[in-house]
Each structure stands twice: as structure tokens, then as C-alpha cells.
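> Take a look and give me a structure for this.
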Amino acid sequence: MSTQFSGTDLACFRGGRMVFAGLSFGLAPGGALLLKGPNGSGKSTLLRIMAGLLQPLDGSLRWHDGTIHDEPESHFQWLHYVGHHDAVKPVLTVAENVSFWAAMRGTHAQLDSALDAFDISHLRDVPGRFLSAGQKRRVNLARVLAAPAPLWLLDEPTTALDVATVARFEQALADHRKTGGMVVASTHTALGLDDAVTLNLDEFHVEMAFDDSIY
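Predicted coordinates:
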């Protein structure tokens, strides 16, 4: 299969230090990439760069034959980004929260199946402010199913989930990949991605000496 999403010689400088440099990857339809490395190695930062939320210091990201910075609005339509914070508005109900994200992609058709997939249909009329941490995470993941996109960027997606819900999520990942969907995940859980390519960010760490004589 041809590469659909790729990065070449990516470098990131944040917080006064070089986080990583010379990092490259490629994903074909149906592919999965697991990001590994200790805290501070840049896993979350790389996911945000992949999502177009941060600019790399150097290197390029490509979707098919074009760079994502040529058409950033189009790139946002190709992906779902699930970060550490759940995108759940406290005043909206569960159904309204998921519908809000689906409407941004012009669809409501898969709302019910998305709620069913994460066993939250019985919570559909409950406002977000009354949800537990695990329930908010399920709502956040349900929006990924309610509004399909080919690329899922996931930062510790199973945080606060119980074993049964992790199993449901693993099934959602498998179904997504069967249809050609791609996954990039930072996670300490296997998630059934045994065939995924592992990218260890420690291998792209750069030690830079600080020279205060230039200040």
C-alpha cells in the first residue's frame, strides 16, 4: 500500500530545549503507529504537530502528495485528535456533545451507534457536568465514531476507562483499520495493535549544550 500520511525529518523546539529532531514516519491505509518514550520525550507534542496544532521547527508533514500546511482546513477534516482533556461541554447533554462534534463534519447519522459502541446510550440526556471521568472519556471517544475521519490521533485514549470499555475501544480501532483508517497512539495499553509500528521518541532525542555567552 502507498503511504498516505507521512513526516520527514521533523524537529521540535519547545520550552527552551530541542525535544526531538530527525524524526520520520509513514502510514499507509489501515496502518497503526505506537509512540513510545518516557515523560517529556515529546509524544504529546508530536501528536499535536501531526494534528496541525503546533508547527515543527523543521521538517514536513504530508497527506498524500501535499503538505498539511498547504491546506490546514482540509487536514482538520481528515483527522480526529483526542488529547488529555476531554472535549465535553458541561452544559450540554451527552447526545448534544457528540452531536456538536458530528455537526462540525456535517453528519448526525451515526450518533446512536456511536453512543451504543461505548455503552452510554442511557446517559444521552445527562449534562456533561454530571459525568464521571470515565464517562467523559467515553463521550469523547464516541464523537470519533459519530463523525468518521480516516486518521485518529490518540493521546493516552484509555485514561479512566474500565476493562470492558477498553475492550469496546479495541473493537472500534479494529473496525476503523479494516476500512482503511489509520491510528497514531501514545499509550501504555496494548489496545490490540500488535502489528503496529513502534516509534520510540528516545531515539530522536538531541542533547544541546547551552552557551550563555551569546546572551
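> ok, and for the helix or strand of the chain with the lowest mean pLDDT, which residues are buried?
Ranked by mean pLDDT, DSSP states H and E, the weakest helix or strand in the chain is helix 72-77, scoring a mean of 80. By 16 or more other CB atoms under 10 Å, the buried positions in helix 72-77 come out as H75, F76. (C-beta placed from N, C-alpha, C; glycine too.)
> Pull the residues that contact the very next helix or strand once past that helix.
Where DSSP states H and E defines the elements, the next helix or strand beyond helix 72-77 is strand 79-82. With contact meaning CB atoms under 8 Å, 6 or more residues apart in numbering, strand 79-82 is reached by 47-48, 50-51, 53, 140-141, 143-144, 147, 149-155, 157.
> list the contacts for R138?
By CB under 8 Å, 6+ apart, R138 lies in contact with F118, D119, I120, L161, T165.
> cutoff 7 Å now
F118, I120, T165 (CB atoms under 7 Å, 6 or more residues apart in numbering).
> And P157, by the same measure?
P157 sits next to V82, L141, F169, A185, T187 when contact means CB under 7 Å, 6+ apart.
> How about A87?
Going by CB under 7 Å, 6+ apart, A87 touches N140.
> Make sure it is indeed in a helix.
No. According to DSSP: H, G, I helix; E, B strand; the rest coil, A87 belongs to no helix; its state is coil.
> Reformat the contacts of P157 as TSV; add pLDDT.
Compiled in TSV, these are given as follows (pLDDT from 0 to 100):
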residue	pLDDT
V82	95
L141	96
F169	97
A185	97
T187	90
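> among the residues you listed, which ones are buried?
Judged by 16+ other CB under 10 Å, buried ones among the contacts of P157: V82, L141, F169, A185, T187.
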